[in-house]
Structure formats: C-alpha cells, structure tokens
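*Asks:* Turn this into a structure:
(2 chains)
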Amino acid sequence: MSAGPMSLPPKPVRVPPWRDARIRGLAIQAAVVLAVAIAVAILATNLVGSMAERRLTFELDYLDNTAGFAIGEAVISYSATDSYGQALLVGFLNTLLVTVLGILFATILGLVVGVARLSGNWLVNRIAYGYVEIFRNTPLLVQLFIIYFAVFLQLPPVAQTMSLPGPVYLNQRGIFLPRPEPTGSFAPFAVGLAVGLLMAIVLWRFGVRRAAGGRPIRRVSWLCLGALLVIPALAWITAPSAPLVLDPPIAGRFNLSGGLGFSPEFSALLIGLVLYTAAFIAEVVRGGIQAVSHGQVEAARAIGLRNGQVLRLVVLPQALRVIIPPLTSQYLNLAKNSTLAIAIGYPDLFNVSTTVANQTGQPVAVITLVMGVYLVVSLVTSLVMNLYNRKVQIRER
Amino acid sequence: MTAEVPGFGADVPRLPPPVTQRGAVGWLRQHLFRTWKDTLLTLVLGVVLGWLLYQLTLWTFTSARWGVITDNLRLFLIGLYPAQEAWRIWLCLTSLSLLAGATAGSRGGYARTIAIWLMAGQLTVAVLAVFSPMGVVAILALVANSILVLVAQMATRRHPVRSRWLTTAWLASVPLTMLLLHGIAAVGMPVVDPDLWGGLLLTFLLASISMVLSFPVGVLLALGRRSRLPAIRLLCTTFIEVVRGVPLVTLIFLADIMLPLFLPDGVDLDRVVRAIGAFTLFTAAYLAENVRGGLQAIPRGQIEAAQAIGLSGMQVDRFIVLPQALRAVIPANVGLFISLLKDTTLVVIVGLLDVLGIGRAVLAQPEWLGTSFEVYAFVAVVFFGLSYTMSHASYRLEAALGVGRR
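*Replies:* Numbering: from 1, shown residues only, chains lettered A, B, ... in the order given. Here you go, the predicted model:
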C-alpha cells in the first residue's frame, strides 16, 4: 500500500447529519427548549385563564393601597393607615434584623462549640457533642415551638415578672433589658471612642508590617488594647457628666416601661435560629480545624507559642479557608429559615406578605415579589461571600 | 556494691507507672483535672449539667403528664386514618419489617443498624401502646412485627437475597404502599382520602416519596448542568439556583395556594400531593448539587478512556461516570434525606396534620392545656431517634463503600 508522503490527503468522510455531534447537539437543545417552552406556555395559559377568572393580576398597584392591619413590632414607624408597600418594608427590615443578629450570635456560639468539640477536657467535649447532635437531629420548627410555646408563653404574667440580676426582667410579654441612653455629653465620648479604635487599628497594622519585615514590636496586642481602652476611658472621665446612663425597665401595672424590650416572638425566633445554626456552624468549624495538619500545631508549639496563640495565629487562619464556603451556606440557611417566623407569629417578610396576600386577594403578585426578594438577597450574599472567599484563599504561584 | 545504674539491671522489677497516671485516677487526671483551669471548668460545668439533668429527671417522672401522648397515640401514629381500614397500615408495616430484615440479613453493616432501630422503634411504640387505649391486637401486632424483622434477618443470613431483587422490592414498595393506603375504588376497596392521612405515617410518606421521586430529577439536573449544550445548561442552572435561593416555606406555600391556578379547570390535586411536589422539586435541586460534586470527582481520564474504547456520550454517563459518581455521593444524599425528613414538619404551616401538626391539634383540646412541653419534647425525641439512626447508618455505609479511600 502506498501510504507514502506523496499520496493525496484522505477523502473527507461524509458524516450523515444524524451522527454529526454538532447537529445532534443543536437538535437535542431545540427539542428540550421546545418542550420546556410548550410546558411553560400551557401552564402560563392556565395561569392567565384562572387569574382572569378570579380577577387576579400581576400588577404592583396594591402596594400603594392602605394596609389597614397592625404589625406587632416594627423597626421603622408604621401604623395601620400606611400602605401595603410600607408594611412589606417593615417585614423585610424585621427579617433583616433577626437574620443579622442571628448570624452574629450563631457564629460566636458555633465557634465556641466547635472549639469545645476538640477540647482535651472530656466533659467539655461531651457536652459540645451532645449539644450538636441534639440540635442537628431535631427539626428547627419543633425547637421553635418548644422555645415559644413551652418556654416563653409559660413565663409568669406581667404582675409576677421574674427579675434576674442586671436588671433583666422576664415575663409573658418578653425579655426586658436596661437600655444604654446617651446623654448631652455623648458626642465627645463618641469622638474618643472613634480615636481609640482608629489608633488601635493603625498600631495593629504597623505592628503586622514590622513583624513581616522581621523587626516585630513587642506586645503590640497589649498596646492596641491599651489604645482601645485608655482613650475612651479618658474621654469618659473628663466628660462633665456620664455620657451613657442605663435606663432600666420599670415594672408598671400592666407592662414594663422604659428599657429595651424584646417580644417573645422575636426572642424565641432569634434564640431558635441561633441555637440551631450554631450546631451546624460548630461542625463546620471543627471540620476546618481538623483539616489543618497536625504538623502545623506541633511546629507552632515547638517555636514556643502557647495554646491560645497556636489556635489564634496558626490554626484558625488556615482553617478559615476551609470554613468560609460551608459557613456561607449556613448563613443563607439561617436567612431562609427565618421564614419559619410565620409559625410563631413574628412579623417577618414572609409572614407580613401572607397577610397582604389575603387582604388584597392578590396572592400571585405578592408571593412572586417576596420570592424575588429572597432570591436577590441569597444571590447577593453568596456573591459577597464568594468574593471574600477568593480573598482569603491561598494565592498559589 | 555493684555500680549498676538503677533500672538497667536484669533483676530489677519493672514498676508500673505511678497510680496517678493509670487506671481510673490517671484517666480522670488526664481528661478532667489536668490544669487548675480544667478543674474549674469541669466543676462548674459538672454542677450545672448535673442540676439540669436532675431537674429534667424529676419533671419526667413526677410532674409531666405523659397521658397526652399515650391517650392520643393513635393520632400521633396514623392521624385520622379510619380505624376499620387500619389493617392496610399493618400490612405495609409488616412488609416493611420483612424487607428491612431481609436486607439486613443479606447485606449486613448499615442495613443491620436500620433493622435494629426498626425493631427497637416498634417495640417502643408497643410499650407506649400498653398505656394507650389502642388495644391488645395493636401491641401484639407490633411485637410480632419486631420478631419478624429478626426472623427475616436470620433466614436470609444463610441464603442472601440478591441485591437486585432487594433494590426492586424497595423501589416497588413505595408506589404499592401509596396504592394500598389510598385504596382502589375500581375493585371495591374504599378510598381513604389523603387528607385523612396523618401523624408519623404522613411524615414518613412525605419524606420517602419525595426522596424517591427527586432522585431521577436530581440526577438529570446534575447531568444537564454539566452538559456541553448551552441551552440545557442554562435551563438546569437557572432551575437549581432559583429553587436553592428561595426558602422552602415559600415553595410549599406556592404549591398549596398557587398550583391550582397553573392547572386546567377540573384538575384538582390533593393537598398532600401538592406538598410532595414542592418537597420533590426542592430536594431535586439540592440533590443535583450533591451529584454534581460526585461528577466533578471523576477523573477526566476515565471519560477519555471510555470514549477511546468507543462508548457513546450516553454510554459513558450510564456505565462509567454515574455508577462511580452516585456511589461517592450516597453519604451526602443520606444527609439530604435526613434534612428532608426534618423539613416535612413545615407542612404544619399550610395546615397538614403530620406528627407535629397532630401535636398542635392535640394541644388545642382543653383537657390537655399546659402540656405543650410534653408534646413537643415527644415529637423532638421521635425525630431525634430517626435522624440519629440514619446518620449513624450513613457513617457505616460510608465506611463500607470506602468513599475517599478508593
């Protein structure tokens, strides 16, 4: 056979169109898109038909109408004469409040429990394990019911308010704490606080840079702490009157007045979300810490770091890289789980929206709007956390 | 005098370590009282924990009114399912016991954990039934079922059932159970409306049917998300991200209130079916992400090798990629099933009577006022038992599959 260099290039093989990968791909895509389009069209036709029948719309006009219902608690001013839009905004801010506080406390508790899970102290270790297993293996809704119906609603009535040191008061109306109240001389104190914080940050960064250059400043963390405490303390002492006074709740005949009060619904939801999410965060933290190789810990001990320093300077910064992605999904879960507020009557976005849907008789428009809001919040949060994640990952060469 | 270094002589007896470093004392010093900080922590936590446990025990055995559970046990188990049709549930439970026992005998390992817990669960219910007005027949049936698990397990240990038969039986049991519980009007079997299904029965049905249905959907979505074809990739990614981005409650609400609007006139789906639809779509999106993780773990060389021996794209997926990917994500999917089981409690929000919903309904009776802690603690214990069992079975399964070691 003369397959030598002189021979002609082989005749191109004609592939029949049904075996051509490109054509087949296009055909499959066209078929799937068509099928989905037909399904959507059928559903949409039905939807439009039944919506017209029931006089439902997708329009957002209802947002300007008067709501006519009261909301138990609101961050911004709201009354029954305000619009539906304002009511939904109140709900959104309530969701935001419980989510942000929930994330903050769940992170702290989760970190503590996660570290306790690895403690050498057997009792601490077992308590952390028991906590994690109990809270991860029972439904959040059941936990919320226990906290709300079996704990908060069983508290004594207002007339027999329980008082704890602090003064903290507990009764069926919720938890009441003293509220720090700024006085006339608060402004100079705030300036002192800001200056102290700024100095501490500047000192810390300077110290880090010097340490990276091989000339560390000794006890830089104590200097930072000093700056943070001494300057505000000086501002407090030199102020003509105390910049902050505590306004304690005062027991009245029908309720407590003054102070900082949290409703049983809000408290139960916050506590439930924190306890539940912290159990998951604890496992994330434990996994992250265990992912740091043991040699790192031994090396850190060998150069004379104490236990706390090993954790803070060597283990946690490396564990953080493993922790961030699953932590993000826990934060998102917490935000989404806050919709369970409806089961115990806290006016979050979803709860308010079901009321609005009932009152306006426009469930389609309202639910679509609310789902859109949750979707946007979820996507934005994962975007932000992904950016942060990219920042803390190791930059490999 | 021999100038022998102490301890190096052959005749010097080997001393055990001092008493403070061995045995119980050594363990205590090592694990509870190593430093003064440890000691302080141990003492404070020990006192607090002891006090809590003491209070809990005291309450459980003296002031708790457990009658709310035992008197309403039937409701907690099967809801409002008519009493004269209850034999169908017994039949389902018996076949479940048989199947679980046979699987445990044939496969061992993780399946044995589940079989043991199924036995323990039925015996626990039998003990509760002693204090309830459910009658002797129920108690005997439950005990007989637990014995059946054991018998089936012993019988199949010698002669294992082939795993293909087991898989088929498990898969077939889901629609058969549904059919049996619903009843077939055509053959004169009275139909039990799904609105009457409740309690633990409904919880199990919601979770297992949604999981079985979501499996094929999730696998297809995962394959679609990794497809070369942009239109399919876009569709699948959009679906997955939208469903994962919204809270489950809104989906259940949507299915409950808005689904009828999407259906043509005259077609009316049952509320339980609508809830199953919502759970299926939700679980499928999360399952797709699990499976995608498994797909990404398959080395590129496997696919190239399969293509080199002339397999078509679909054959590569079917024979090379999916078997490996699905095995790798079994533990993750057990985790998903556990959260699905816990999430079924959300149907309370649209008013279905699952085990938690029954709890609320029972508490609405004036005679059981003030027993909310008993009821919700009972529900919590039920879920804890189920999830804890499954997560431990999943650890054993993980070890048996050698995930991450092969």
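
*Asks:* hey, let's count contacts and neighbours off CA atoms from now on
*Replies:* Will do.

*Asks:* and A:Ile201, how many neighbours does it have?
*Replies:* 16 (other Cα atoms under 10 Å in any protein chain shown).

*Asks:* next one: A:Thr354
*Replies:* Per other Cα under 10 Å, the neighbour tally for A:Thr354 reads 18.

*Asks:* quick one: what helix or strand has it in it?
*Replies:* A:Thr354 is located in helix A:349-360, with elements delineated by DSSP states H and E.

*Asks:* So which residues make contact with that helix?
*Replies:* Helix A:349-360 is contacted by residues A:62, A:67, A:84, A:87-95, A:339, A:341-342, A:345, A:363-364, A:366-367, A:370, B:250 when judged by Cα atoms under 8 Å, 6 or more residues apart in numbering or on different chains.

*Asks:* Could you do stretch B:111-130 as well?
*Replies:* In contact with stretch B:111-130 (Cα under 8 Å, 6+ apart) are residues B:70, B:73, B:97, B:100-101, B:103-105, B:135-136, B:138-140, B:142-143, B:145-147, B:149, B:389-390, B:392-393.

*Asks:* Close to chain A: what parts of the stretch 251-400 of chain B are there?
*Replies:* B:254, B:257-258, B:261-265, B:342-343, B:345-346, B:349, B:356, B:372-373, B:376-377, B:379-381, B:383-384, B:387-388 (Cα under 8 Å from any Cα of the partner chain).

*Asks:* so of these, which ones are in strands?
*Replies:* Of those, none are assigned to strands by DSSP state E.

*Asks:* just the buried members of those residues?
*Replies:* By neighbour count, with 16 or more other Cα atoms under 10 Å in any protein chain shown, those hold B:254, B:257-258, B:261-263, B:342-343, B:345-346, B:349, B:356, B:372-373, B:376-377, B:379-380, B:383-384, B:387-388 as buried.

*Asks:* residues near B:Asp71, how many?
*Replies:* Other residues lying near B:Asp71 total 16 when counted by other Cα under 10 Å.

*Asks:* B:Ala169 now?
*Replies:* 12.

*Asks:* out of everything not next to it in sequence, what's closest to it?
*Replies:* The shortest distance from B:Ala169 to any residue other than its chain neighbours is 7.7 Å, reached at B:Leu99 (Cα to Cα, 6 or more residues apart in numbering or on different chains).

*Asks:* Correct me if wrong: the one you found contacts B:Leu171.
*Replies:* No - B:Leu99 lies out of contact with B:Leu171 (Cα atoms under 8 Å); the separation is 11.2 Å.

*Asks:* Which residue of those two possesses the greater neighbour count?
*Replies:* Counted by other Cα under 10 Å, B:Leu99 and B:Leu171 do not tie: B:Leu99 has more neighbours, with 21 against 12.

*Asks:* Just give me how far the host helix or strand of that one sits from the chain centre.
*Replies:* Using DSSP H and E, B:Leu99 maps to helix B:87-107. Its chain's average C-alpha position is 16 Å from that of helix B:87-107, according to Cα atoms, centre = their mean, to the nearest Å.

*Asks:* ok, now stretch B:43-53?
*Replies:* Mean-position distance between stretch B:43-53 and its chain equals 32 Å (Cα atoms, centre = their mean).

*Asks:* mean confidence for that stretch?
*Replies:* When pLDDT is averaged along stretch B:43-53, the result is 93.

*Asks:* what comes into contact with it?
*Replies:* With Cα under 8 Å, 6+ apart as the test, stretch B:43-53 has contacts from A:123-124.

*Asks:* for stretch B:99-109, same thing?
*Replies:* Contacts for stretch B:99-109 (Cα under 8 Å, 6+ apart): B:110-112, B:114-115, B:148-157, B:159-163, B:166, B:169-170, B:396-397, B:400.

*Asks:* which of the residues in that stretch are buried?
*Replies:* Residues B:99-107, B:109 are the ones in stretch B:99-109 that count as buried (16+ other Cα under 10 Å).

*Asks:* ok, now stretch A:287-302?
*Replies:* Counting neighbours by 16+ other Cα under 10 Å, stretch A:287-302 gives A:288-289, A:292, A:297, A:300 as buried.

*Asks:* My guess is B:Cys236 contacts B:Leu221. True?
*Replies:* Yes - with contact defined as Cα under 8 Å, B:Cys236 and B:Leu221 form a contacting pair (5.6 Å).

*Asks:* Among the residues of the stretch 251-400 of chain B next to chain A, which ones are in helices?
*Replies:* B:261-262, B:342-343, B:356, B:372-373, B:376-377, B:379-381, B:383-384, B:387-388 (DSSP state H).

*Asks:* Mind telling me the two of the residues you listed farthest from one another?
*Replies:* B:Phe262 and B:Phe373 (40.9 Å; Cα to Cα).

*Asks:* B:Cys236 and B:Leu221: who's more crowded?
*Replies:* Taking neighbours as other Cα under 10 Å, B:Cys236 and B:Leu221 compare with B:Leu221 leading, 26 against 23.

*Asks:* Does that one touch B:Ala288 like I think?
*Replies:* Yes - with contacts counted by Cα under 8 Å, B:Leu221 reaches B:Ala288, the gap being 5.7 Å.

*Asks:* Now the common contact residues for those two.
*Replies:* B:Ile240.

*Asks:* who in the stretch 101-250 of chain A is up against chain B?
*Replies:* Within the stretch 101-250 of chain A, the residues that sit near chain B (Cα under 8 Å from any Cα) are A:120-124, A:133-134, A:137-143, A:145-146, A:149-150.

*Asks:* rerun that using 6 Å as the cut-off
*Replies:* Residues of the stretch 101-250 of chain A found near chain B (Cα under 6 Å from any Cα of the partner chain) are A:121-122, A:137-139, A:150.

*Asks:* how much space between B:Gly135 and chain A?
*Replies:* Distance, B:Gly135 to chain A, using Cα to the nearest Cα, to the nearest Å: 29 Å.

*Asks:* Can you tell me the element the residue nearest to that residue when sequence neighbours are not counted falls in?
*Replies:* Leaving aside its chain neighbours, B:Gly135 sits nearest to B:Ala129 (7.6 Å; criterion: Cα to Cα, 6+ apart). For B:Ala129, the enclosing helix or strand under DSSP H and E is helix B:110-130.

*Asks:* Would you indicate which residues of that helix are buried?
*Replies:* Neighbour-count burial for helix B:110-130 [16+ other Cα under 10 Å]: B:110-119, B:121-123, B:125-126, B:128-129.

*Asks:* what do you get for stretch A:48-57?
*Replies:* Under 16+ other Cα under 10 Å, the buried positions of stretch A:48-57 are A:48-51, A:56-57.

*Asks:* now do stretch B:296-312
*Replies:* Within stretch B:296-312, judged by 16+ other Cα under 10 Å, the buried ones are B:298, B:303, B:306, B:311.

*Asks:* Doesn't A:Ser163 lie inside a helix?
*Replies:* No - the assignment for A:Ser163 (DSSP: H, G, I helix; E, B strand; the rest coil) gives strand, which keeps it out of a helix.

*Asks:* what separates the nearest residue to it once chain neighbours are set aside from B:Phe204, distance-wise?
*Replies:* Spatial nearest neighbour of A:Ser163, excluding adjacent residues (Cα to Cα, 6+ apart): A:Tyr169 at 4.5 Å. Distance, A:Tyr169 to B:Phe204, by Cα to Cα, to the nearest Å: 42 Å.
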